[in-house]
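> Fold the following for me, if possible:
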Amino acid sequence: MSSFNGFASHDIALGEATIFARVGGSGPPLLLIHGYPQSHLMWARVAAVLAAKHTVVAMDLRGYGRSSAPPSRNGERYTKRVMAKDAVALMDTLGHSTFAVAGHDRGGRVAYRLALDHPQVVSKIAVLDIVPTWEMWAGMNAARAMQVYHWMFLAQPEPLPETLISGAPDFYIDQKLASWCGDKSLRAFLPDALDAYRAAFHDPARVHASCEDYRAGATIDRALDDSDRAAGRKIAAPLLALWGAKGIPAQGEDPLTAWRRWASDVRGLGIDAGHFLPEEAPDATAKALMEFF
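Next up is the predicted model:
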């Protein structure tokens, strides 16, 4: 992909998972974590901009992209705590004991769990178009359930969602991506990235992994958030929240109000886009990230 010109590719074995990452640029380390149903390719349009002043590491989460997909039941190997440990181990292997992190969608959930579980390694954190998992479940009502029906659908016991998705994977991916864009089309996605997103959902192991991700979100991740909330633990690192003006977080409580219950130093803004900020509004997203980091 042209926007990753000059980036080196790495396959790094981390015990039960092998994590793929592209690394480029120079300067303070910045980890980029993608969301569902994508891969590191979602960062293609902003990676080169960020690499002008940072050593950028764009990873694929376990079960996504070119990383391996360990077998799992009931979400146990796809919790955000487990994925955050992958991220810490990846960055340590690459020589970075502390780093900044930006995460979109599920990657944002990994990023804030990383900041809660490993505060000593996170210098700054940006979360894109999400509010915390606990907040999502606590605010679930009829309107939100219709918007995020996939949270409940993907968390159903196997093999129900796996079987249904595998029956028409291209239709499923195209429908999900377009429905979350501000213009309800696929125009924002680079052709090779879109091809890669579709291809991944022709692999039963990756369909299963993505369902396990959401099963963890409905159970283990929610319980971990609840424990932190009850204990009064907050993210210590400065936090930037970005959201799409046409995205789901923008339709509920002010995202900054939600994040201030979870972090001590919060700032942020809405961007003219739907859910996929780095692809729908790459210039504005890159600018906001560069100014923050």
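
> low-confidence ranges in the stretch 151-293 of the chain?
Within the stretch 151-293 of the chain, no range satisfies pLDDT under 70.

> how about the strands in it?
239-244, 266-271 (DSSP state E, counting those that start in this stretch).

> quick one, which of these is packed in tightest?
Of these, the one with the most neighbours on average (mean count of other CB atoms under 10 Å) is strand 239-244, at a mean of 25. The way it works is simple: take the backbone N, C-alpha and C, and place the C-beta from them, glycine included.

> Note down every partner strand of that one and its orientation.
As defined by DSSP bridges, the strand partners of strand 239-244 come to strand 122-128 (parallel), strand 266-271 (parallel).

> Residues contacting the shortest one, please?
It stands for strand 266-271. 238-245, 250, 255-256, 259-260, 277, 281, 284-285, 288, 292 (CB atoms under 8 Å, 6 or more residues apart in numbering).

> could you redo the last one with a cut-off of 6 Å?
Contact with strand 266-271 is made by 239-243, 245, 250, 256, 259-260, 277, 281, 284, as judged by CB atoms under 6 Å, 6 or more residues apart in numbering.

> so where is the stretch 1-150 of the chain shaky, pLDDT-wise?
Using pLDDT under 70, the stretch 1-150 of the chain drops low at 1-2.

> Tell me where it has strands.
8-14, 17-25, 29-33, 55-59, 99-104, 122-128.

> could you redo these as JSON lines and give each row mean neighbour count?
Putting the strands of the stretch 1-150 of the chain into JSON lines (neighbours: other CB atoms under 10 Å) gives the following:
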{"stretch": "strand 8-14", "mean neighbour count": "13"}
{"stretch": "strand 17-25", "mean neighbour count": "21"}
{"stretch": "strand 29-33", "mean neighbour count": "27"}
{"stretch": "strand 55-59", "mean neighbour count": "26"}
{"stretch": "strand 99-104", "mean neighbour count": "27"}
{"stretch": "strand 122-128", "mean neighbour count": "25"}
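
> Tell me which of these sits nearest to Met152.
Between Met152 and the strands of the stretch 1-150 of the chain, the tightest spacing by CB to CB is seen for strand 99-104, at 21.4 Å.

> tilt between the closest one and strand 29-33?
20 degrees (axes from the mean of the first three to the mean of the last three CA atoms, to 10 degrees).

> now strand 99-104 against strand 55-59, angle please.
40 degrees.

> Output the contacting helices and strands for strand 99-104.
strand 29-33, helix 106-117, strand 122-128 (3 or more CB pairs under 6 Å, 6 or more residues apart in numbering; DSSP states H and E).

> Pro204 and Asp213, how far apart?
15 Å (CB to CB, to the nearest Å).

> ditto for Asn141
From Asn141 over to Asp213 (counting by CB to CB), the distance is 23 Å.

> what's the answer for Lys85, then?
15 Å.

> Leu242 against Leu128, yeah?
Yes. Leu242 lies in contact with Leu128 (CB atoms under 6 Å); the separation is 5.0 Å.

> Overlap of the contact sets of those two?
Residues touching both Leu242 and Leu128 (CB under 6 Å, 6+ apart): Leu277.

> residue boundaries of the helices in the stretch 101-250 of the chain?
Secondary structure of the stretch 101-250 of the chain by DSSP state H, counting those that start in this stretch: the helices cover 106-117, 133-138, 142-147, 149-154, 160-167, 169-180, 191-200, 204-218, 220-231.
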